[in-house]
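Undergrad: Got a sequence here, can you build the structure:
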Amino acid sequence: MTEFIPPGSRFHALPSPLPLKRGGQLHGARVAYETWGTLDTAASNAILIVTGLSPDAHAASHPGNPDPGWWEKMLGPGKAIDTDRWFVVCVNSLGSCKGSTGPASINPLSGKPWRLDFPALSIEDIADAAVDAVRGLGVDQLACLIGNSMGGMTALAVLQRHPGISRSHINISGSAQALPFSIAIRSLQREAIRLDPAWNNGDYDDALYPEAGMRIARKLGVITYRSALEWDGRFGRVRLDSEAGDDDPFGMEFQVESYLEGHARRFVRRFDPNCYLYLGRAMDWFDLGEYAGGNVDAALAALSLDKALAIGANTDILFPVQQQEQIAQGLAAGGCDAQFVGLDSPQGHDAFLVDFERFCPPIRAFLDSL
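TA: The predicted model follows:
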């Protein structure tokens, strides 16, 4: 049970006790966040970034942590999200293991890790925690709310639960509800972890750790984060230099297998398995239509926004681009000046993390128009 807190993280204490949507409450909870730029005297230039499942709050380098962040090419002075103009806040999700309170954190009432005693977590809880952090910085209304992947869900929950919290919104490779395919993938990921004997009903440590389950879960995820087009272009049917021997007749033979294995091994000890379970299930549960009698379009139309951009990659199979188009159309039906952009990136769901040549220009243009 380990938390992975980036250097330079700051922390916001949440109300205690903190009731959660599906019951239960947290005591002494916090979220980790980082900031860039300067808040103007009217507190009118703030941007909040809410993230996908696994990223921490370190979206870009800053004096407190000069290491490159996961969105280094998107965020900074003169970049698409220009910190010479904007005061940017990135909040690590409640339930994560990157500094915010989650299943890997110590329960102050017991002095032991929460593990599976952590209450059921929802996207709405993640949204409320992020808003509380921003308000703690003296921001009553955001200039823009940016959410990518799971953060796209979180952003919509923010807008639904806190009307008027933001004047504009950028939804990047996000969705208003989990689709059956995505639910199925995440269900298999959770099953892989839970079937690992070392998971031990959530009671593991660094010595007895469900590494095999996490490796398989991560491989399943990575397969859906990219597209078949990219897999073909990067690896084709190229084989490894040495094929599997007699002692391992079904071992790795192809470069794509080696890539998945290397990616998984780099991840498994850097993210807590129980946190992975909780956050994945929160995504599956999310459905904005819940707030409009099951009608997603009506729920989107009810959100209060001046302007919005919904953007994604046409090759995304995990959050298909039709979901971003639905967001734009739903917001437009409610009177928002909403734009949809589908990009011909070969890199699938992860394109917003790597294909900056395509993603930066529309995001820059949108923010420049505010």
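
Undergrad: Confidence-wise, which helix or strand of the chain is lowest on average?
TA: In the chain, no helix or strand scores lower on mean pLDDT, DSSP states H and E than helix 228-235, which sits at a mean of 83.

Undergrad: Give me the contacts around that one.
TA: For helix 228-235, contacts defined as CB atoms under 8 Å, 6 or more residues apart in numbering pick out Phe254, Gln255, Val256, Tyr259, Thr315, Pro346, Gln347, Gly348. (C-beta placed from N, C-alpha, C; glycine too.)

Undergrad: same check, this time on stretch 241-260
TA: Defining contact as CB under 8 Å, 6+ apart, one finds that stretch 241-260 is touched by Lys219, Val222, Ile223, Trp231, Arg234, Phe235, Arg237, Val238, Arg239, Leu240, Glu261.

Undergrad: make it 6 Å
TA: Outside stretch 241-260, the residues that touch it by CB atoms under 6 Å, 6 or more residues apart in numbering are Lys219, Val222, Phe235, Val238, Arg239, Leu240.

Undergrad: Then stretch 120-132?
TA: So stretch 120-132 is in contact with 14, 20-22, 31, 50, 91, 93-95, 153-154, 157-158, 161-162, 278, 282, 285-286, going by CB under 6 Å, 6+ apart.

Undergrad: Look up phi and psi at Arg237.
TA: phi -110, psi 30 (degrees, to the nearest 10).

Undergrad: residue contacts, the residue nearest the centre of the chain?
TA: In the chain, the centroid-proximal residue (CA atoms, centre = their mean) is Gly52; its distance is 0.8 Å. Contact analysis of Gly52 by CB under 6 Å, 6+ apart lists Asn148, Ser149, Met150, Gly151.

Undergrad: What's the separation between the last one and Asn107?
TA: Using CB to CB, to the nearest Å, one gets 26 Å for the distance from Gly151 to Asn107.

Undergrad: And for the third one?
TA: Between Met150 and Asn107 the distance is 24 Å, computed by CB to CB.

Undergrad: Next, the residue nearest to the centre of the chain: secondary structure please.
TA: In three-state terms, and counting by DSSP: H, G, I helix; E, B strand; the rest coil, Gly52 is coil.

Undergrad: ok, back up a step: neighbour count: Met150 and Asn107, which is higher?
TA: The residue with more neighbours, out of Met150 and Asn107, is Met150; 27 against 17, by other CB atoms under 10 Å.

Undergrad: got the phi/psi numbers for that one?
TA: Dihedral pair for Met150: phi -50, psi -30, per degrees, to the nearest 10.

Undergrad: picking that back up, tell me which two of the contacts of Gly52 sit farthest apart.
TA: Spatial extent of the contacts of Gly52 (CB to CB) is set by the pair Asn148 and Met150 at 8.1 Å.

Undergrad: that older thread, farthest-apart pair in the contacts of stretch 241-260, please.
TA: In terms of CB to CB, these reach their longest pairwise distance at Val222 and Arg239, which sit 19.9 Å apart.

Undergrad: Next, format the contacts of Gly52 as TSV and append secondary structure, pLDDT and distance to Arg186.
TA: Shown next, in TSV, are the contacts of Gly52 (DSSP: H, G, I helix; E, B strand; the rest coil; pLDDT from 0 to 100; distance: CB to CB, whole Å):
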residue	secondary structure	pLDDT	distance to Arg186
Asn148	strand	97	17
Ser149	coil	98	12
Met150	helix	98	11
Gly151	helix	98	16
